[in-house]
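**Student:** Below is the sequence, then the predicted model.
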Amino acid sequence: MDVLGVMLGLALLIGIAVVVLAVVGTVKAAKAVAAKVERHEANARRAVENATLKAKTFTKPGPQGQISAVRLGLRTSLDGTRQVLESGLAQDGQLGEALALLTRLDAHAAELDGELRVLEREPDTGRIAAKLPELRERAERITHSAETMRWAAQDRMHRFAEDELSRLSQECESEAGALRHWDGVGASGAAGASSGAGAGAASGSGSGSASAGGAGAGAAGAGAAGRASAPRAGLTDGKGRPSAEDLLGLGDPLAKLAQRLRKPSAGPSAG
């Protein structure tokens, strides 16, 4: 009974742990899905608001259209700067500080956008004309700050790309020089081979004259130069293409048969 009770208790604990893990996983998945949906919803709502402001800029003349233009310029500048900073953050961690400053700047922009929205619904045109210059000046300061960070980030990424390209070009030049190293090696090998051939000819001749050895070396050098300057046969030009007998393996047997036929037959011995 004690063993059975322990086993039942362990099974109950395992079941509770599985249920807890399942609940925690479900909650995390639901939060992730909700955050993703909320982010997409915010992007869609912002796109609709930008389109509406752009339409008001062209369709509503006067102070209403000016307010819409200020709001649209503010949103466009901040969105463009955020996209640039977030796209370069993976390669340059220092852009994180600029992104934090942009977040603080975005908070001021949100407050200003709220004031502009309230002023947009103001029926008194005199108050709109009095408040609009001040709000436009604040919007220009925020826009200028955002544009300054965006342009600096773009120049920084461009400079890093130029430096990386310069280093890569130098490495390619060094590798190309290493690949051309066969020129010096081939020249030294050819010089060693010619000197060895001259020494072998001199030791083989023994009592030959020096002029004869020099003439032989000159002839060998001329022959080597002729072989070097002669064009090598290609695969498809027809000059170095193997014959049908060579491809079938009949070249050597046919040559031996021709030599056997050309050999004179042995006649009866005289006497």
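**Tutor:** Done, it's in.
**Student:** Pull out the CA atoms of stretch 141-156 and give them to me as PDB.
**Tutor:** C-alpha atoms of stretch 141-156 as PDB (Å, rounded to 0.1, in the frame of the first residue of the first chain):
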ATOM      1  CA  ARG A 141      13.200  71.500 -33.700                       C
ATOM      2  CA  ILE A 142      12.100  67.900 -33.200                       C
ATOM      3  CA  THR A 143      12.300  67.200 -36.900                       C
ATOM      4  CA  HIS A 144      15.800  68.700 -37.200                       C
ATOM      5  CA  SER A 145      17.000  66.600 -34.300                       C
ATOM      6  CA  ALA A 146      15.700  63.500 -35.800                       C
ATOM      7  CA  GLU A 147      17.100  64.300 -39.200                       C
ATOM      8  CA  THR A 148      20.500  65.100 -37.700                       C
ATOM      9  CA  MET A 149      20.700  61.600 -36.100                       C
ATOM     10  CA  ARG A 150      19.400  59.900 -39.300                       C
ATOM     11  CA  TRP A 151      22.000  61.700 -41.500                       C
ATOM     12  CA  ALA A 152      24.800  60.900 -39.000                       C
ATOM     13  CA  ALA A 153      23.800  57.300 -38.900                       C
ATOM     14  CA  GLN A 154      23.700  57.100 -42.700                       C
ATOM     15  CA  ASP A 155      27.200  58.700 -43.000                       C
ATOM     16  CA  ARG A 156      28.500  56.400 -40.300                       C
END
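**Student:** how deep is Gly88 tucked in, by neighbour count?
**Tutor:** 19 (other C-beta atoms under 10 Å). Quick note: C-beta positions are derived from backbone N, CA and C, even for glycine.
**Student:** I'd assumed Met157 was in contact with it.
**Tutor:** Yes: checked against C-beta atoms under 8 Å, the pair Gly88 and Met157 is within contact range at 5.2 Å.
**Student:** in the chain, which spans are helices?
**Tutor:** All helices of the chain, identified by DSSP state H, fall at 2-59, 63-88, 95-120, 125-179, 182-205, 210-229, 244-248, 251-262.
**Student:** hey, least reliable of those helices by pLDDT?
**Tutor:** Ranked by mean pLDDT, the helices of the chain bottom out at helix 210-229, with a mean of 45.
**Student:** Return the most buried member of the helices of the chain.
**Tutor:** Comparing the helices of the chain by mean neighbour count (mean count of other C-beta atoms under 10 Å), helix 63-88 ranks first with a mean of 19.
**Student:** That one packs against which elements?
**Tutor:** Under the contact definition 3 or more C-beta pairs under 8 Å, 6 or more residues apart in numbering; DSSP states H and E, helix 63-88 sits against helix 2-59, helix 95-120, helix 125-179.
**Student:** what's the distance between the residue lying closest to Lys131 once chain neighbours are set aside and Leu4?
**Tutor:** Computed as C-beta to C-beta, 6 or more residues apart in numbering, the closest residue to Lys131 that is not its neighbour in sequence is Leu119, at 5.7 Å. Here the criterion is C-beta to C-beta, to the nearest Å. By it, Leu119 lies 77 Å from Leu4.
**Student:** what's the answer for Val84, then?
**Tutor:** Separation of Val84 from Leu4 (C-beta to C-beta): 67 Å.
**Student:** who's in contact with the nearest residue to Pro63 once chain neighbours are set aside?
**Tutor:** Distances taken as C-beta to C-beta, 6+ apart place Ile128 nearest to Pro63, at 4.4 Å, with adjacent residues excluded. If a contact means C-beta atoms under 8 Å, 6 or more residues apart in numbering, then Ile128 has Pro63, Ile67, Leu119, Glu122 as its contacts.
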